[in-house]
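Participant: starting from these lines, generate the structure:
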Amino acid sequence: MSKVTQKEEIDADVTFRERVEFAVVWLAVHFMRLLPWGFARLVGTGIAGIAFHLLGRLRGVGTQNLKLAFPEMPEGEREKILRSVYRNLGRLLAEFCLMPGYTPEGASRFIRYEGLENYLAARKRGKGVLVLTGHLGAWELSSFYHSLMGMPMGMVIRRLDNRLVDEFVNRIRCLHGNRVIHKDDFARGLIASMRAGETVGILMDTNMTPPQGVFVPFFGVEACTASGMARIAAKTGSAVVPGFLLWEESEQKYVLRFAKELEVVCTGDSETDVVTNTAAFTAAIERTIRQYPDQWLWMHRRWKTRPPGEEGIY
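Facilitator: I've put the predicted structure just below:
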């Protein structure tokens, strides 16, 4: 069957609700593109502020997660962090809408690299680079900026429920050579990328379920965590490099930081190594979140999956 025919079949199968949702997203994105960068960010943070008050369930999850991660922190401080998280999401919304118009020169006025030499050294090894990242800072903008600067990469993502929105969002993500690796084709696509010496970013901070996930500490609480990066790194010898695009208030800029390559432990006991390495990768994410707690997605039910015998947290 030709690609055109497949697309026609998909279009014919799209529901009325999906078309309405897509129209709303399309109009919102194109409206934001008409605005100057600073004003678009104000609009984005305004939308996020409304969401903070209207989406009580998500706000409750965020509050519960912050209590779990920072039990000694005063309640007022936790609420301040949560409000800042929503402002960060508002900025990210604006950035995503404006990304198609960004140029290397223009984007570099408000984004800079730090530790790029760490990434380049890992890439030079020729065995591929796994960028360890999470829903922290401006994660959508990070891979886009990296591709804009001539270093496209693969991105492991989950398909959006709305197929029209999924296609639209991926077109923006991939404007400068990035490519999408869907989670349902995770292992095969990732191994092929590493053997080709390519770079792939993985958001490794979401709740998983066994056997895809293993339990490792996250803020002192066992969290079921994706083990795929650890398995692929051990199998292919690829480098694991933490990378996050974070907003620096003092500079009024984003900084795309690449830390030094993480050691991948290989003792010969593959399952023990998977847990050891997954724990180390998770600890690297936690360290960065502790530095920038107001930029992580606390509204995600990160500790939803519990070890056998434990009661649910949410």
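Participant: point out where the stretch 151-300 of the chain drops to low pLDDT.
Facilitator: Scanning the stretch 151-300 of the chain for pLDDT under 70 picks out nothing.
Participant: quick one: contacts of stretch 38-48?
Facilitator: Stretch 38-48 is contacted from outside by 32, 35, 86-87, 89-95, 97-98, using C-beta atoms under 8 Å, 6 or more residues apart in numbering. In short, each C-beta sits where N, CA and C put it, glycine included.
Participant: hmm, Leu66 and Ile81 touching each other?
Facilitator: Yes: the criterion here is C-beta atoms under 8 Å, and Ile81 meets it with Leu66 at 6.3 Å.
Participant: who touches both of those two?
Facilitator: Contacts common to Ile81 and Leu66, judged by C-beta under 8 Å, 6+ apart, are Pro293, Trp298.
Participant: please convert the contacts of stretch 38-48 to CSV, extending it with distance to Cys224, secondary structure and pLDDT.
Facilitator: As requested, the contacts of stretch 38-48 are arranged in CSV below (distance: C-beta to C-beta, whole Å; DSSP: H, G, I helix; E, B strand; the rest coil; pLDDT from 0 to 100):
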residue, distance to Cys224, secondary structure, pLDDT
Met32, 36, helix, 96
Leu35, 40, coil, 95
Tyr86, 26, helix, 97
Arg87, 29, helix, 96
Leu89, 24, helix, 97
Gly90, 30, helix, 96
Arg91, 30, helix, 95
Leu92, 26, helix, 96
Leu93, 29, helix, 96
Ala94, 33, helix, 96
Glu95, 30, helix, 97
Cys97, 33, helix, 97
Leu98, 35, helix, 97
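Participant: any of the residues you listed buried? List them.
Facilitator: 32, 35, 86-87, 89-95, 97-98 (16 or more other C-beta atoms under 10 Å).
Participant: tell me where the stretch 201-314 of the chain has helices.
Facilitator: Secondary structure of the stretch 201-314 of the chain (DSSP state H, counting those that start in this stretch): helices at 228-236, 270-291.
Participant: between these, which one is closest to Glu251.
Facilitator: When these are compared by C-beta to C-beta, helix 270-291 sits nearest Glu251, at 15.0 Å.
Participant: residues making contact with the closest one?
Facilitator: So helix 270-291 is contacted by 132-134, 136, 204-205, 214, 216-219, 223, 225-227, 229-231, 233-234, 240, 242, 244, 246, 259, 262-267, 296 (C-beta under 8 Å, 6+ apart).
Participant: then stretch 117-134?
Facilitator: 139, 142, 153, 190, 193-205, 229, 232-233, 236-244, 258-262, 281, 284-285, 288-289, 296.
Participant: and if we set it to 7 Å?
Facilitator: 139, 142, 153, 193-194, 197-205, 229, 232-233, 236-244, 258-261, 281, 284-285 (C-beta atoms under 7 Å, 6 or more residues apart in numbering).
Participant: do stretch 151-171 as well
Facilitator: 10, 14, 18-19, 21-22, 25-26, 131, 143, 146-147, 173, 176-183, 186, 193, 198-202.
Participant: buried ones in that stretch?
Facilitator: Per 16+ other C-beta under 10 Å, stretch 151-171 contains these buried residues: 151-157, 162-166, 168-170.
Participant: in strands, which of those residues fall?
Facilitator: The members of the buried residues of stretch 151-171 that map onto strands under DSSP state E are Gly154, Met155, Val156, Ile157.
Participant: out of the helices of the stretch 201-314 of the chain, deepest packed?
Facilitator: helix 228-236 (a mean of 21; mean count of other C-beta atoms under 10 Å).
Participant: could I have that one exported to PDB, CA atoms only?
Facilitator: Provided in PDB are the C-alpha atoms of helix 228-236 (Å, rounded to 0.1, in the frame of the first residue of the first chain):
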ATOM      1  CA  GLY A 228      16.100   0.800  28.300                       C
ATOM      2  CA  MET A 229      18.900   3.400  28.300                       C
ATOM      3  CA  ALA A 230      21.000   1.200  30.600                       C
ATOM      4  CA  ARG A 231      20.400  -1.900  28.500                       C
ATOM      5  CA  ILE A 232      21.200  -0.100  25.200                       C
ATOM      6  CA  ALA A 233      24.400   1.500  26.600                       C
ATOM      7  CA  ALA A 234      25.700  -1.800  27.900                       C
ATOM      8  CA  LYS A 235      24.900  -3.600  24.600                       C
ATOM      9  CA  THR A 236      26.300  -1.000  22.300                       C
END
